[in-house]
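1. Predicted model follows, preceded by the sequence.
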Amino acid sequence: MPVQSIGSAFAGGCSLPPLSPAQRVAWHQRRRRYAVWMIEADTASVRALCARAHGHLRRWLAPLPPRQPHITLAAAGFPVRRAMRPDEYDPAQCRHHRAQLHGAAIMAASVQVGGIGSFNGCAFLRVHDPHGGLQQLHRLLCATIPAAQGQHFVPHITLAPYRDVFPLRVIADAAQAWRGRVELPVRQVTLAVFDPRAQGGCLRPVLRIPLHGADCC
């Protein structure tokens, strides 16, 4: 059943174990790159917060992945020369998104990272977006990504997948006892790619677009 985040905890159901190798192959079909629009969050303070939160839930979580901390705005898809399927992303789509981001008057700002939440398959740090800039960026990008339309956006930084099936209420009780929060400046939007064949593979930025007023902040 779906998990509903409530504050820094979660309600109902059980966690899901990580995808099996066969499930991962069925998704990536041996394609070597996957692209995401994101906010980079690989700062010393965020990394330390992730390590603390992961340590607090270590009995339920898989090891911390090598992938850099980030806030996913939109899953773009598998890069190709010309997109023919909903899960593909081509240069024409990228140019369109780039023009939209350059033309949008979305201000650079800061968000607060802290509090533990959960999806069925992983635990995460919640991201508090008081000015709504992340929501605006998500809507702008997803408007022309077929596979992303209609998705509920929960700003977050993933900690790690669950390593097995556990009652989420037990994990919620532990999560409620944890405290921690840091500020993260949001000055640019990044398009990055990673190897989907590797669990938690590292992100490689390929394009960075400054937000409005970033040079003044």
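-> Nice, I can see it. Numbers count the residues shown, from 1 in each chain.
2. Sticking with the residue most central in space within the chain, tell me its helix or strand.
-> Of all residues in the chain, the one closest to the mean position by CA atoms, centre = their mean is T72, 3.3 Å from it. T72 belongs to strand 70-79 when assigned by DSSP states H and E.
3. Can you tell me which helices and strands that strand packs against?
-> strand 34-40, strand 88-89, helix 91-103, helix 133-142, strand 156-161, strand 188-194 (3 or more CB pairs under 8 Å, 6 or more residues apart in numbering; DSSP states H and E). Yep, even glycine has a C-beta here, placed from its N, CA and C like the rest.
4. how about the ones you listed, which one is nearest W27?
-> Nearest to W27 among the helices and strands packed on strand 70-79 is strand 34-40; the distance by CB to CB comes to 9.3 Å.
5. Quick check: the gap between the residue nearest to Q112 when sequence neighbours are not counted and G115.
-> With CB to CB, 6 or more residues apart in numbering as the criterion, Q112 has its nearest non-adjacent residue at 4.1 Å, and that residue is H128. According to CB to CB, to the nearest Å, H128 and G115 sit 8 Å apart.
6. Who has more neighbours out of the two?
-> The neighbour count for H128 versus G115, taken as other CB atoms under 10 Å, is higher for G115 (22 against 14).
7. Check which helix or strand the more buried one maps to.
-> strand 109-118.
8. Quick one: residues in contact with the helix or strand that comes right after that strand.
-> Where DSSP H and E defines the elements, the next helix or strand beyond strand 109-118 is strand 122-128. Here strand 122-128 makes contact (CB atoms under 8 Å, 6 or more residues apart in numbering) with 5, 8, 49-50, 53, 57, 60-61, 71, 111-118, 134, 155-162, 171, 175, 184.
9. same check, this time on stretch 202-210
-> By CB under 8 Å, 6+ apart, stretch 202-210 touches 35-36, 38, 40, 66-68, 70, 94, 98, 101-102, 108, 187-194.
10. Since that was my last question, I'll sign off now.
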